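> Dropping a prediction and its sequence here:
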Amino acid sequence: MELIEVRHLSKRYGTHLAVDDLSFSIDRGVVYGFLGPNGAGKSTTMNIMTGCLGATEGEVLIDGHNVAEEPMEAKKHIGYLPELPPLYGDMTPEEYLRFVARAKGLRREESARQIETVMEKTRIADVKKRLIRNLSKGYRQRVGIAQALLGNPEVIILDEPTVGLDPAQIIEIRELIRELGKEHTLVLSSHILSEVQAVCDSILILSKGRLVACDTAENLTKLMRGRENLRLLTRAEEETVRPIVEKVDGVESLAFAEEDGLTAADVTPAEGRDIREALFNAFAEAKVPLLELRTEKASLEDVFLELTGGEAQLEAASASKETEEPADVPEEKAGEES
C-alpha cells in the first residue's frame, strides 16, 4: 500500500528548475534509495517531502495527508535526518533527545523509554552525558539518526546518512538501516553506489531534477544486458587484432585499451548475439593466441552513467568520503566538565 505519493512535483529557484515534474510513490515496508549526482534534486525533493520546503507545483501526500495543506498530520508520520543534522552543541545527546521528544509531543514516560531505545540502536548511550560539540562527526551523525527515530514514525527519511562515518561505523549504520527497514518505510539519498546497493530494496535514479529510473538494482542492470561487452586479452598489437575482430559477424563496436601490459579489446556484440566461439575460432585461424576472453557485465554504475548521460563522477565506494577525524571516537577537550 502506498505510504507516500509524489505528484507532478516541480521546484524553481528563479530561472533554475531544480525538480522537474517528478512523480513516484513509496510503498510501506520498503527501503528506497535516491541515487543521483550532485545537483540532481535529491535533497530538494526530500526537503519538499518533509515539509521543510514549499513546491512550486505539484503535491506530496503522506498517508493521504497533503504536506502543504495538513503539515501537522503529515509530519506525524515522518522522521527526518537532513544532510546537516540540526544539533545543538551546548546540549548533551540525552538533553537534545529530550528536547526533540517534547517538540514531537511525547509524554514523559514514553519519551524516556524511546530515548533509551534509540540511544541503544544508534550506539550513543556511552556518550549521552557529553556535550554534542565535543563529539566526533560520526557520533554527531548518530545523534541525528536517533532524533529521527523518536516518535516511532512510519517513514524515516535520511539524507546522506553515512557522511563522515568511518568504515566500521558505516557497516553498523547499514545494519541499523536494514533492521529499521523491518519496522519502518525508509527513504535514503546517497551518491555512493555501494551504499545504495547494499541496503536498498528499490532505487530511484534522478538526473537534472527528473526521475529517469525506479526499480531494483538487479532489474536496473538487466536493462543493459543487451550491451554486455566481451573483453579479450592478447600480446598482439592493435593493428593485428583489429582486422581479426572486425571480420567476425555480429560485432557491433570495438575499442582498445591496455591491461597489465597487454592489448585489451572491448567488443560489443549485436543485441542477442553470442560471438564468443566465433571470436575464439577467428584468433585460432589467424594463429594469434588469446590469453583471456571474458564477459564484462553491466554494473549499477554503468546503468547510472548511462541514464544520467555520464554527467557526474559517482563514488563507487564510501572510502573516498572521509571523516573529519581519523577515527570516530568521542572527542573530549581538556578540562571539559563531565
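Arrived safely, thanks for sending. Quick caveat: nothing in here was measured; it's all calculated off a predicted structure.
> Could you report the neighbour count for R108?
10 (other Cβ atoms under 10 Å). C-beta: built from backbone N, CA, C; applies to glycine.
> could you give the mean pLDDT of the helix or strand where L22 lies?
Using DSSP states H and E, L22 maps to strand 16-27. Averaging pLDDT along strand 16-27 yields 94.
> okay, that strand in PDB with CA atoms only?
Only the C-alpha atoms of strand 16-27 are listed here, as PDB (Å, rounded to 0.1, in the frame of the first residue of the first chain):
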ATOM      1  CA  HIS A  16      16.700  27.300 -12.400                       C
ATOM      2  CA  LEU A  17      14.400  24.200 -12.400                       C
ATOM      3  CA  ALA A  18      15.700  22.000  -9.600                       C
ATOM      4  CA  VAL A  19      12.900  19.500  -9.700                       C
ATOM      5  CA  ASP A  20      11.000  18.900 -12.900                       C
ATOM      6  CA  ASP A  21       7.600  17.300 -12.900                       C
ATOM      7  CA  LEU A  22       8.600  14.500 -10.600                       C
ATOM      8  CA  SER A  23       6.100  11.700  -9.800                       C
ATOM      9  CA  PHE A  24       6.600   8.500  -7.900                       C
ATOM     10  CA  SER A  25       5.100   6.500  -4.900                       C
ATOM     11  CA  ILE A  26       6.600   4.900  -1.800                       C
ATOM     12  CA  ASP A  27       5.200   1.700  -0.600                       C
END
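> Near the closest residue to S202 other than its chain neighbours, how many other residues are there?
Using Cβ to Cβ, 6 or more residues apart in numbering and skipping the chain neighbours, the partner closest in space to S202 is Y32 (5.2 Å). The number of residues packed around Y32, counting by other Cβ under 10 Å, is 24.
> one step back: centre of the chain versus the strand holding L22, how much separation?
The chain centroid and the centroid of strand 16-27 are separated by 17 Å under Cα atoms, centre = their mean, to the nearest Å.
> Is R174 in a helix, a strand, or coil?
Assigned with DSSP: H, G, I helix; E, B strand; the rest coil, R174 falls in the helix class.
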